[in-house]
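*Asks:* Quick one, fold the following:
(2 chains)
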Number of protein chains: 2
Amino acid sequence: MERELVRWLTQRIPSHPRLLVGLGDDAAIVRLPDESHLVATTDMLMDGVDFESGKQPEARRIGRKALAVNLSDLAAMAAQPVAALVALALPRQGGEVLAKNLYEGMLPLAKEFDCPIAGGDTNSWEGPLVISVTAFGAVPEGRRWRRSGARPGDAILVTGSFGGSILGKHLDFQPRVREALWLAEHAEVHAAIDVSDGLSLDLARLCEASGCGAALQTSAIPLADAAAELAATRGDAPLARALADGEDFELILAVPADQAQELVQAGALGTRLTQIGNFIEQPGLFAVGPGERLEPLAVCGYEHRLDP
Amino acid sequence: MERELVRWLTQRIPSHPRLLVGLGDDAAIVRLPDESHLVATTDMLMDGVDFESGKQPEARRIGRKALAVNLSDLAAMAAQPVAALVALALPRQGGEVLAKNLYEGMLPLAKEFDCPIAGGDTNSWEGPLVISVTAFGAVPEGRRWRRSGARPGDAILVTGSFGGSILGKHLDFQPRVREALWLAEHAEVHAAIDVSDGLSLDLARLCEASGCGAALQTSAIPLADAAAELAATRGDAPLARALADGEDFELILAVPADQAQELVQAGALGTRLTQIGNFIEQPGLFAVGPGERLEPLAVCGYEHRLDP
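*Replies:* Modelled structure (predicted):
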């Protein structure tokens, strides 16, 4: 979302005692009347922006992605998925077949993550396909992973590897729900975000929300094979792709430095977990260069652009 | 939603112990891990289908409507609103101003119904405006207003009046949340639905879900002034408009006949409440004619049409 609009919304939308976490995080946390806590998130995918329905990919993979991005948001809050709602704007021509294929892509993922589809709204129109999925989850009282809790000295941990997701992972990624639930039980996670718009951009967002900066050991950043592949065709470096490419849907976590080493070495998560640097007091993103010198790092990634 | 697609979905989407009410009702009811019950609904509005952004109305009224239709779904389940999420696909040109105006329309309604906006997803694209709102509500354990509970002999009650909503009410209607909560406390409601696609069509849906029919005293159907106004310009009868026009967002309720008379006469609801007939065993919609003869009534209303 465009930053100016988020700022305006944050000022304009009043706080409410029921909103434990409101606008501006990966998901909202809402207190229900009986005091239980609900995590809720919504993501909209649009033809021509998030996929190209005319070409690859087939509708099943688009449907799967529409649910998966929401599960990834739940993961960033360490929430157990509960259910999902699906709203569709279908092109009138071929809409019924398309809808069925979208659901055929969603249903196996819904089963895998025990996140049943509870309902929705199916519409047709003359415009292109739009899919809006809302997922909600549950967290035990007291668990509030946020973007804003990273502290200088904390290790920067990431799941998986980065870069070149457009070659396939952006559709077929695994939302890191199980990893998040495991980490919530076994580590003191100060802050978390899922990488939807790019490692450097989402890390910068987490830093900004936390009021700190990040010093990266860029050589430690785990590069996806696709990062090298895409870099080769574009004539740039795999590391550049890993820092800038969106839609890896990995987690960035802030964890106390001593715990981080144990977590990484133990390897008990079952998914690659890597320390790529540390949070620091100085705002901004930096690469740790020769002699521990901090060199400013460009923040790049994907942002929705709006003309006023 | 196209009926064939709903049928397919109902078969294809597995039941789940957490889904107390799943697909095919006004909203879902989901059991959370701590046993509390959550009501969840989503509605998507699209430019050119639900409004015409190029002409009237202004964006504020569109924004208001996008939240109001969801509150109306919560009302149909007698749920207390808890929070809402807002997903937007904005045309790139003018998108920021548009987004602000949409929110300026939503926020007063969110305040009025104590349904704070907890978050969302704002996107831009080359296509027309799409707004997808998801609303959450709470119900006490045991309360499950559904479409499927009407019994032969029950009175058919409706709130408000019907017809011609396109002349204004379809944007500025009052979701019947307070009325539903009052009725849930003071009456034994066997079934309910909100009228989004037309009185006759939504009543037929309720009948089908309940496995019964409806005998209407058509002269008792409360006609909106707009029904007469629209009928005059179109050369048909106000009653035809009341039966066929969508988006009145009133409630249809099935209530034991003895209770219904008391409720209507007491007038304690504060909103017009009218008995328009009774549910009967014989499937279908009928008008009660001279000598109590049942005359079949055409079911018409708005359905999204999908070509396979």
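
*Asks:* And the helices in chain A, which stretches?
*Replies:* Under the criterion DSSP state H, chain A contains helices at A:3-12, A:59-76, A:95-112, A:169-172, A:177-186, A:199-210, A:225-234, A:238-244, A:257-266.

*Asks:* closest to chain B out of these?
*Replies:* helix A:95-112 (4.1 Å; Cβ to the nearest Cβ). Where C-beta positions appear, they are placed from N, C-alpha and C, glycine not excepted.

*Asks:* Run the contact check for that closest one versus chain B.
*Replies:* Yes. Judged by Cβ under 8 Å from any Cβ of the partner chain, helix A:95-112 and chain B are in contact via A:95, A:96, A:97, A:99, A:100, A:103, A:107, A:111.

*Asks:* Could you identify which of the helices of chain A is most buried?
*Replies:* helix A:59-76 (a mean of 26; mean count of other Cβ atoms under 10 Å in any protein chain shown).

*Asks:* relative to helix A:177-186, how tilted is that helix?
*Replies:* Our comparison of helix A:59-76 with helix A:177-186, counting by axes from the mean of the first three to the mean of the last three Cα atoms, to 10 degrees, yields an angle of 10 degrees.

*Asks:* Packing partners of helix A:59-76?
*Replies:* Other helices and strands packing on helix A:59-76, by 3 or more Cβ pairs under 8 Å, 6 or more residues apart in numbering or on different chains; DSSP states H and E, are strand A:37-46, strand A:80-91, helix A:95-112, strand A:130-138, helix A:169-172, helix A:177-186, strand A:191-194.

*Asks:* how far off strand B:37-46 does the first one point, in degrees?
*Replies:* An angle of 20 degrees separates the directions of strand A:37-46 and strand B:37-46 when computed by the same axes, to 10 degrees.

*Asks:* rewinding a little: now the two most distant members of the residues of helix A:95-112 next to chain B.
*Replies:* A:95 and A:111 (24.7 Å; Cβ to Cβ).

*Asks:* ok, back up a step: of the helices of chain A, which is nearest residue A:154?
*Replies:* helix A:257-266 (6.5 Å).

*Asks:* what is the mean pLDDT for that closest one?
*Replies:* Helix A:257-266 shows a mean pLDDT of 92.

*Asks:* So what's the gap between it and the chain middle?
*Replies:* Chain-centre distance of helix A:257-266: 23 Å, with Cα atoms, centre = their mean, to the nearest Å.

*Asks:* can you pull the contacts of the nearest residue to residue A:86 once chain neighbours are set aside?
*Replies:* If the residues on either side of it in the chain are set aside, residue A:86 comes closest to residue A:120, at 3.8 Å by Cβ to Cβ, 6 or more residues apart in numbering or on different chains. Residue A:120 makes contact with A:85, A:86, A:87, A:88, B:23, B:42, according to Cβ atoms under 8 Å, 6 or more residues apart in numbering or on different chains.

*Asks:* What's the PyMOL line that selects buried ones from those residues?
*Replies:* To isolate the buried members of these in PyMOL, using 16 or more other Cβ atoms under 10 Å in any protein chain shown:
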select buried, (chain A and resi 85+86+87+88) or (chain B and resi 23+42)
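
*Asks:* Need the per-residue pLDDT for the closest residue to residue A:175 other than its chain neighbours.
*Replies:* In space, and not counting its chain neighbours, residue A:175 is closest to residue A:71: 3.7 Å by Cβ to Cβ, 6+ apart. Residue A:71 is assigned a pLDDT of 98 by the prediction.

*Asks:* Would you confirm that residue A:71 contacts residue A:110?
*Replies:* No. Residue A:71 lies out of contact with residue A:110 (Cβ atoms under 8 Å); the separation is 9.1 Å.

*Asks:* So which bits of the stretch 101-250 of chain A are right by chain B?
*Replies:* Counting by Cβ under 8 Å from any Cβ, the stretch 101-250 of chain A comes close to chain B at A:103, A:107, A:111, A:116-128, A:130, A:132, A:134, A:136, A:138.

*Asks:* Just the buried residues of those residues.
*Replies:* The buried subset of those - by 16+ other Cβ under 10 Å - is A:103, A:107, A:116-125, A:127-128, A:130, A:132, A:134, A:136, A:138.

*Asks:* Find the residue closest to residue A:108 in space, skipping its chain neighbours.
*Replies:* In space, residue A:108 is closest to residue A:64, 7.6 Å off (Cβ to Cβ, 6+ apart).

*Asks:* what's the least confident helix or strand in chain A, going by average pLDDT?
*Replies:* Lowest by mean pLDDT, DSSP states H and E among the helices and strands of chain A is helix A:3-12, with a mean of 86.
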